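In: Task: produce atomic coordinates for the following.
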Amino acid sequence: MSISAICNHEVVTVKADATVFEAAQLMRSHHVGDVVVVKENQGKNIPLGIVTDRDLVIEVVATELDCKVMTVSDIMVRHLSVVKENSGIFDTIKIMTSKGVRRLPVVDEHGTLTAIVTLDDLLILLSNEIGSLSKLVTRELKNETSSRR
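Out: Reported below is the predicted structural model:
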């Protein structure tokens, strides 16, 4: 299964010159914990960075900076890790683990932003699969027990 099957294709984005306040408002109105900072290139959004709710708290609120003056480019994570939309689930988990990130923008073969995948997306998928396996084991144990009577 490729990562594009489980990721969120409705990514909340901002331009680098958006204020931190605008980014926070977008996060609140869309009920998300991040915005992907993009630049437009021939009508396509190319990811430049990411700003998370944690970044807002640590970099702006805790330091008492003015969120209406600061731009997202001032606080965004610039060395952005991304995953290709045709990457597998376990490859994505490896990237997240090695980079220590909870969210990865998903890009196509041209580097255009197509989606975002979060740790929550992966945990839901894996817990559903483990649940299915558990039901299979339980059913097989019952079948084996009843066939031996």
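
In: Touching stretch 118-129 from outside, list them.
Out: Ile6, Cys7, Asn8, Ile89, Thr92, Ile93, Met96, Arg102, Arg103, Leu104 (CB atoms under 8 Å, 6 or more residues apart in numbering). (C-beta placed from N, C-alpha, C; glycine too.)

In: So for that stretch, what gets flagged as buried?
Out: Buried positions in stretch 118-129, judged by neighbour count with 16 or more other CB atoms under 10 Å: Thr118, Asp121, Leu122, Leu125.

In: what about Gly43, distance to Leu125?
Out: Remark: distance between Gly43 and Leu125 (CB to CB, to the nearest Å) = 32 Å.

In: what mean pLDDT does the strand or helix carrying Glu140 have?
Out: Element membership for Glu140 (DSSP states H and E) is helix 119-147. For helix 119-147, mean pLDDT is 85.

In: gap between it and the chain center?
Out: 26 Å (CA atoms, centre = their mean, to the nearest Å).

In: who are the neighbours in contact with Asn8?
Out: Taking CB under 8 Å, 6+ apart, we find Asn8 in contact with Ala115, Ile116, Val117, Thr118, Asp121.

In: isn't the second one right up against Cys7?
Out: Yes - because the distance of 6.2 Å satisfies CB atoms under 8 Å, Ile116 is recorded as touching Cys7.

In: remind me which residues of the protein are low pLDDT?
Out: The chain contains residues with pLDDT under 70 at 149.

In: 80 instead, please
Out: In the predicted model of the chain, residues 144-149 satisfy pLDDT under 80.

In: those strands in it, which residues are they?
Out: Using DSSP state E, the strands of the chain run over residues 13-15, 34-41, 44-52, 83-84, 103-107, 113-118.

In: Of those strands, which is nearest Met76?
Out: Closest approach to Met76 among the strands of the chain (CB to CB): strand 44-52, 3.3 Å.

In: Okay, buried residues for the closest one please.
Out: Asn45, Pro47, Leu48, Gly49, Ile50, Val51, Thr52.
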